[in-house]
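Peer 1: Next come a sequence and a model predicted from it.
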Amino acid sequence: MNNDLWRVKVGLAEMLKGGVIMDVTTAEQAKIAEEAGACAVMALERVPSDIRKEGGVARMASPRVIREIMDTVSVPVMAKVRIGHFVEAQVLEALEVDYIDESEVLTPADEEHHVWKHGFKVPFVCGARNLGEALRRIAEGAAMIRTKGEAGSGNIVEAVRHMRTIIGEMKRLTTLGEEELVRAAKELGAPLELVSWVAKNGKLPVPNFSAGGVATPADAALVMQLGAEAVFVGSGIFKSSDPALRARAVVKATTHFKDPKIVLEASAELGEAMKGLDIRQLEEKDLLQTRGW
Amino acid sequence: MKIRPRLVTHQLRIGILAVQGDYEAHARMVERAGAEPVYVRRPADLAGLAGIILPGGESTTHLKILTEEGLFGAVQKFAAAGGGIFGTCAGAILLAREVRNPAQTSLGLLNISILRNAYGRQLASEIHMGLTKLRSEPLEMVFIRAPIIESVGEGVDVLAEDEGHPVLVRQGRILASTFHPELTADPAVHIFFLSLLSAGRAS
């Protein structure tokens, strides 16, 4: 592993901390997101709630649209590839996007293997529901982890579950002895080297962001207080009644996540949030978070 | 926001703009350099500080929040009153007199012209070793989507160059780097910033 390359990959993730990364499908939306204070944008073909509604195979966005977005905004541009689709990733690297999200929101291309991300110069972010999954992705080369949550649901419950799970599992590791870590690594299905690093430091070796269900300023402040270092917002912005206003409000609440008065200010006078789904009413086959392992 | 107990201390208190970006990395470095870090999110947080650090992150995002929170004018007043400011990467962009690619409002506290995302995109991010005027040994310089300082005006000292461009510059108590010393294990640049604040301090 090229150590300098790894450090600049993680370094860009460090620069995004405390910020909001917004899903956009057009250059116009990207402009609105940047003007609202987004620290990066995520280019995709359809926002998760539309993918859920319309069905079909969800793929990497059109390179033409991604290029338009890159030409329109000065903040970093990320784009999604299907799990295991290393050629979509090669295409995005050739396009020179700033970050690739190997995402469960798109239809997986490989049900057994994720992309070998150390093989790329462009950095990757991957979703995780628990510590073992997060460490497997880091072992493959992910330089940023985000919770999976349940994308396109407008429901924060799964993002909360995943953040609490990851942080709880890390806390537990810090209490274990060396010989217990070997067993923990076996149970987590993750390399001992990474498990030992987490046990010693009490955190992931890469930034840990939240995603999947953030719809309101209070949702963003909630995941930040739970320990997220930045927030991804997908359908929550551009499926609301006033995207520009909501985008600004989510940025404000993320910046001042510990200050209830400011989160109150950010929450007041907002239009309607996206409608949202009760996760318990979804069938197993409709869940996006179970894609990948 | 919690009110910190004001301990009797000889440590300099250094504010770190904490609206977005790698402010925690700067806080760790300020501690290592022997000063007390304080997060700044509102104008009231500037009281009692010897200096401010504008961290790395996205300058458009920082500018938006600085303006909305009334920090833009407050930071300019802080500098006018003799306070020191150190900007890294996005922070250097905020300090510049002129910003291009695209043009952007800035604090105008440092007489340089700066070009954003000038090396290209993330694929051009790199780590170099370079010489500085701070000491004889080279310094590790982490460049991430870095801007280029295109020209420096009167009163600006170039303390380091990389590939023919200034990368560490100083004008009085204003210091700026286009690289990220906070992402290394070497506190040299932060120690230098603290020395600018101590020098000429009323004793």
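Peer 2: Here it is on my side, so go on. Quick caveat: nothing in here was measured; it's all calculated off a predicted structure.

Peer 1: Every contact and neighbour count from this point should use C-alpha atoms.
Peer 2: Will do.

Peer 1: does the residue lying closest to B:Ile174 once chain neighbours are set aside count as helix, strand or coil?
Peer 2: Leaving aside its sequence neighbours, B:Ile174 sits nearest to B:Ile85 (Cα to Cα, 6 or more residues apart in numbering or on different chains; 4.9 Å). Following DSSP: H, G, I helix; E, B strand; the rest coil, B:Ile85 is assigned to strand.

Peer 1: which residue sits closest to B:Glu69, ignoring its sequence neighbours?
Peer 2: Using Cα to Cα, 6+ apart, the nearest residue to B:Glu69 is B:Arg42, at 6.1 Å.

Peer 1: For the one you found, which residues are in contact?
Peer 2: B:Glu69, B:Gly70, B:Leu71 (Cα atoms under 8 Å, 6 or more residues apart in numbering or on different chains).

Peer 1: Contact partners for residue 177?
Peer 2: Just going to use chain A. Per Cα under 8 Å, 6+ apart, neighbours of A:Gly177: none.

Peer 1: hmm, I had chain B in mind actually
Peer 2: So, once contact is read as Cα under 8 Å, 6+ apart, B:Ser177 ends up touching B:Gly87, B:Thr88, B:Cys89, B:Ala92, B:Val167, B:Leu168, B:Val169.

Peer 1: residues in contact with stretch B:154-164?
Peer 2: B:110-112, B:130-134, B:166-172.

Peer 1: May I see the contacts of B:Ser177 arranged in CSV, with secondary structure as well?
Peer 2: Below are those laid out as CSV (three-state DSSP):
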residue, secondary structure
B:Gly87, strand
B:Thr88, strand
B:Cys89, coil
B:Ala92, helix
B:Val167, strand
B:Leu168, strand
B:Val169, strand
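
Peer 1: remind me which residues of the chain are low pLDDT?
Peer 2: Went with chain A since none was named. Scanning chain A with the threshold set as pLDDT under 70 gives A:1-2.

Peer 1: Can you look at chain B instead?
Peer 2: Using pLDDT under 70, chain B drops low at B:1-9, B:199-203.

Peer 1: Could you rerun that using 50?
Peer 2: Along chain B, the model assigns pLDDT under 50 to residues B:1-3, B:202-203.

Peer 1: ok, longest strand in it?
Peer 2: strand B:135-143 (DSSP state E).

Peer 1: Identify the residues contacting the top helix by length along chain A?
Peer 2: Ordering each helix of chain A by length in residues (DSSP state H) puts helix A:157-173 first. Helix A:157-173 is contacted from outside by A:128-131, A:147-150, A:181, A:184, A:195, A:198-199, A:202-203, A:210-213, A:223, A:226-228, using Cα under 8 Å, 6+ apart.

Peer 1: try 6 Å this time
Peer 2: With Cα atoms under 6 Å, 6 or more residues apart in numbering or on different chains as the test, helix A:157-173 has contacts from A:Arg129, A:Asn130, A:Leu131, A:Thr147, A:Gly149, A:Glu150, A:Ala199, A:Gly202, A:Gly212.

Peer 1: Between all of the residues you listed, which two are separated the most?
Peer 2: Comparing all pairs in those by Cα to Cα, the longest separation belongs to A:Glu150 and A:Ala199, at 27.9 Å.

Peer 1: Pull the distance from the host helix or strand of B:Ile65 to the chain's centre.
Peer 2: Assigned by DSSP states H and E, B:Ile65 belongs to helix B:59-68. The chain centroid and the centroid of helix B:59-68 are separated by 15 Å, computed with Cα atoms, centre = their mean, to the nearest Å.

Peer 1: how far does stretch A:107-121 sit from the chain's center?
Peer 2: On the basis of Cα atoms, centre = their mean, stretch A:107-121 sits 16 Å off its chain's mean C-alpha point.

Peer 1: buried ones in that stretch?
Peer 2: Within stretch A:107-121, the residues that qualify as buried are A:Thr107, A:Pro108, A:Ala109, A:His114, A:Val115, A:Lys117, A:His118, A:Lys121, counting by 16 or more other Cα atoms under 10 Å in any protein chain shown.
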